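>>> Give me coordinates for this.
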Amino acid sequence: MSSNTAMPENTAAWLMAEKANPLVVKSSTYTAAGPNEIVVRTAAVAINPLDWMKQDTGSFVCPWVKYPFVMGSDIAGEVVEVGRGVTRFKVGDRVMGHSVGMDEKQNRSAEGSFQTFTILLAHMASPIPASMSYESACVIPLGASTAACGLFQEDQLNLQYPSVTSKPTGETVIIWGGATSVGLNAIQLAKAAGYEVITTASPKNFELVKHLGATKVFDYRSKTVVADIIRALDQKKVAGALTMGRGAAEACRDILKHCHGKKFIAMATYPSLATPPTSLVLLRTILNFISWNISHWVTCKARGIGSKFIFGTTLAHNGVGKALYENYFPQALADNLFTPSPEPQVIGHGLKFIQPAMDLQKEGVSAKKVVVTL
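The predicted model follows:
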């Protein structure tokens, strides 16, 4: 886009102040693509718990954010501008990508997906085939990124990278919470990296997780689930565990205690109170977080188990982002070797539907992802 070209009009759904509700739809500055960036005209966005959690809890989540701010992580759309150094994309390309505006190192509204024109880091975007809808494509990024952080980062499970030509490693990964957004992506990525996957889900989602690559699946509500998984892992070499959901880390501590292999838990879910507090919310949330962490650390230390929480944007600053969005997704999506998951649940068209979509996601959806088209 030349300097003589008038900048397009941009509009965004703004979080105007800490805990402000609802989001306010109003004009926003169009930001040109910098080096190694692209600008995408947004066609569809997906909603994640991070969005409503930031709105509800304020400084407890991403405290570095300054208001007003544009949130949003999942995006699919059309490239309208490419920055210096970008050779993978051209204007008109259909892409999906992970908007990392809420990452502490990026921390800018121009990189939030809840707007008409969004900046993407080029290495955090991937072309999508003509046969794939924007609605389907936009469900992938944050779930896949979070899964990839846990599976492949050196400070997490440190598994080998996924590939369309991978060979079996002979090792098994435990994915607790296989029907979650992160879990559905983790199953496929772990399989593509050459690992056998054992997972948990509700019985209604057993066939789904098996279809995506899980070898065995267990009902996480079963009273014998821990013992059943321990038996299933007998004589197997474990590559570690990736956990989503309440009680997941505790269950995997009990499982890994009896397993051979890597005793490490990559945790995608932060501890929360069983009943959301109605008073002193932030204080009680922080105290619960601290007490849980102390108890968890002591238990893991006694059992020789390592663990770490995942923050789903860290891959933007190490080789994992490039391995996923540049080296794996383009071919995997083109060859139908990766299934966009979960299925999109489109609730409306236009930025005015972002707030209702966040409210719906907060209420909870099963094996689906709430999507808004633009």
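
>>> Enumerate every residue touching M358.
When contacts are counted by Cβ atoms under 8 Å, 6 or more residues apart in numbering, M358 touches 23, 47, 51-52, 55, 370. Quick note: C-beta positions are derived from backbone N, CA and C, even for glycine.

>>> and with 6 Å instead?
M358 is in contact with 47, 51-52, counting by Cβ atoms under 6 Å, 6 or more residues apart in numbering.

>>> Need the per-residue pLDDT for it.
What the model reports as pLDDT for M358 is 97.

>>> That one falls within a helix, correct?
Yes: secondary structure of M358 (DSSP: H, G, I helix; E, B strand; the rest coil): part of a helix.

>>> Please parse this protein into its domains.
Domain segmentation of the chain under automatic domain parsing yields 10-139+342-373, 144-309.

>>> Out of those, which gets nearest to A332?
domain 144-309 (5.6 Å; Cβ to Cβ).

>>> How many residues are close by the closest residue in space to T172 that isn't next to it in sequence?
Nearest-residue entry for T172: E196, 4.4 Å, with adjacent residues in sequence omitted and distances by Cβ to Cβ, 6 or more residues apart in numbering. By other Cβ atoms under 10 Å, the residues close to E196 number 21.

>>> From H258, how far off is E196?
18 Å (Cβ to Cβ, to the nearest Å).

>>> beta partners for T200?
Here T200 sits in beta bridges with F218, going by DSSP bridges.

>>> Test my guess that it contacts I174.
No: judged on Cβ atoms under 6 Å, T200 makes no contact with I174 at a distance of 8.6 Å.

>>> Look at the two and report which has more neighbours.
Using other Cβ under 10 Å as the criterion, T200 and I174 rank with T200 on top: 31 against 26.

>>> residues touching the more buried one, list them.
Taking Cβ under 6 Å, 6+ apart, we find T200 in contact with 176, 178, 218, 220.

>>> tally of neighbours for the last one?
Yep, that's Y220 we're talking about. 21.

>>> between the contacts of T200, which is closest to S131?
Nearest to S131 among those, with distances taken as Cβ to Cβ, is G178, at 26.1 Å.

>>> State the distance from that closest one to V320.
Per Cβ to Cβ, G178 is found 21 Å from V320.

>>> Who has more neighbours out of the two?
Neighbours were counted for G178 and for V320 using other Cβ under 10 Å; G178 has more, 32 against 20.

>>> Check what pLDDT that one gets.
As predicted, G178 sits at a pLDDT of 96.

>>> Name all residues that make contact with it.
187, 199-201, 209, 214.

>>> what does L15 give?
Counted by Cβ under 6 Å, 6+ apart, L15 has contacts 23, 69, 71.

>>> okay, the second one: pLDDT?
This points to F69. 98.

>>> tell me the mean pLDDT over the helix or strand containing C300?
Element membership of C300 [criterion: DSSP states H and E] is helix 281-303. Across helix 281-303, pLDDT averages out at 81.

>>> ok, now how distant is E171 from A239?
4 Å.

>>> shared neighbours of these two, anything?
In contact with both E171 and A239: Y195, using Cβ under 6 Å, 6+ apart.

>>> So between these two, which is more surrounded?
A239 (26 against 19).

>>> tell me which residues form a beta bridge with the spatially closest residue to M124 that is not a sequence neighbour?
Nearest residue to M124, sequence neighbours excluded (Cβ to Cβ, 6+ apart): H98, at 4.7 Å. Counting by DSSP bridges, H98 is bridged to D74.

>>> and H98, what is it in contact with?
By Cβ under 6 Å, 6+ apart, the neighbours of H98 are 124, 141, 145.

>>> Which of the residues you listed ranks first by neighbour count?
Going by other Cβ under 10 Å, P141 tops those with 31 neighbours.

>>> Go ahead and confirm that residue touches D74.
Yes: using Cβ under 6 Å, P141 is in contact with D74, at 4.8 Å.

>>> helix or strand for Q361, which one?
Counting by DSSP H and E, Q361 is part of helix 354-363.

>>> Name the nearest of the contacts of H98 relative to V91.
Looking across those and measuring by Cβ to Cβ, the closest to V91 is M124, at 18.4 Å.

>>> quick one: the closest one and N36, what's the gap?
M124 is 10 Å from N36, by Cβ to Cβ.

>>> Likewise for A13?
In this view, A13 and N36 are 26 Å apart by Cβ to Cβ.

>>> Which of the two has more residues huddled nearby?
Set A13 next to N36 and count neighbours by other Cβ under 10 Å: A13 wins out with 27 against 13.

>>> circling back to that earlier point, quickly name whichever of the contacts of T200 is closest to Y161.
Nearest to Y161 among those, with distances taken as Cβ to Cβ, is G178, at 20.8 Å.

>>> measure that closest one to F89 for me?
Distance, G178 to F89, using Cβ to Cβ: 33 Å.

>>> now do I119
From I119 over to F89 (counting by Cβ to Cβ), the distance is 13 Å.

>>> Looking at the two now, which is surrounded by more residues?
I119 (27 against 21).

>>> so who does the more buried one touch?
By Cβ under 6 Å, 6+ apart, the neighbours of I119 are 31, 37, 110-111.

>>> got it, and D103?
Here D103 is in contact with T313 (Cβ under 6 Å, 6+ apart).

>>> can we see that at 10 Å?
By Cβ atoms under 10 Å, 6 or more residues apart in numbering, the contact set of D103 is 62, 64, 73, 111, 121, 311-317.

>>> any idea how far the helix holding C300 is from the chain center?
Relative to the centre of its chain, helix 281-303 is centred 23 Å away, using Cα atoms, centre = their mean, to the nearest Å.
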